[in-house]
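# any chance you could fold what I've pasted below:
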Amino acid sequence: MSAPHSNPLEHPEVRQASTWRYLAGFAATIVLMQAALTVTLRQHLPYTEYTLTIAGLALASLLAQAALFFGLDISRAQIWKSVSLVLTVPLFILSVGLTVWMFHSLMQRTMIMPQNMAQPTMLQ
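A predicted model of the protein is given here:
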């Protein structure tokens, strides 16, 4: 363990922050979210391509934020940030996936409709 710093601004995690990285992260996030909004508003893509495009833009935005805002990298100093991300991402995906599955199956179990009156959902 390193010796404590008398000046909090000399701490390694504080020193890695820079105005350039925050501005670049903000700009990258704005550009990627604007691209996703444009794709959504124009509605020119088939459903599968639309879903993959939005997912790709969201993943690119997430990676830009992780690298530029949070300073996530594979260096020895950032190992605990990387470990927490590796443990959090599967839990996040699992919770979102199970929530979508729960609401989809809940609708099928609670909405009593004749088969010819059933409306197709986005998941079908």
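
# secondary structure element for residue 48?
helix 47-68 (DSSP states H and E).

# separation between residue 86 and residue 80?
In this view, residue 86 and residue 80 are 11 Å apart by CB to CB, to the nearest Å. For the C-beta atoms, the positions are set from N, CA and C on the backbone; glycine is no exception.

# kindly apply the preceding question to residue 54 instead.
31 Å.

# neighbour count: these two, which is higher?
A direct count of neighbours by other CB atoms under 10 Å for residue 54 and residue 80 places residue 54 higher, at 16 against 8.

# could you list every residue that touches that one?
Contact analysis of residue 54 by CB atoms under 8 Å, 6 or more residues apart in numbering lists 36, 39, 40.

# could you rerun that using 10 Å?
Contacts of residue 54 were listed using CB atoms under 10 Å, 6 or more residues apart in numbering, and they are 35, 36, 37, 39, 40, 45.

# with adjacent residues omitted, what lies nearest to the first one?
The spatial neighbour of residue 35 that comes closest, neighbours along the chain excluded (CB to CB, 6 or more residues apart in numbering), is residue 57 at 5.6 Å.
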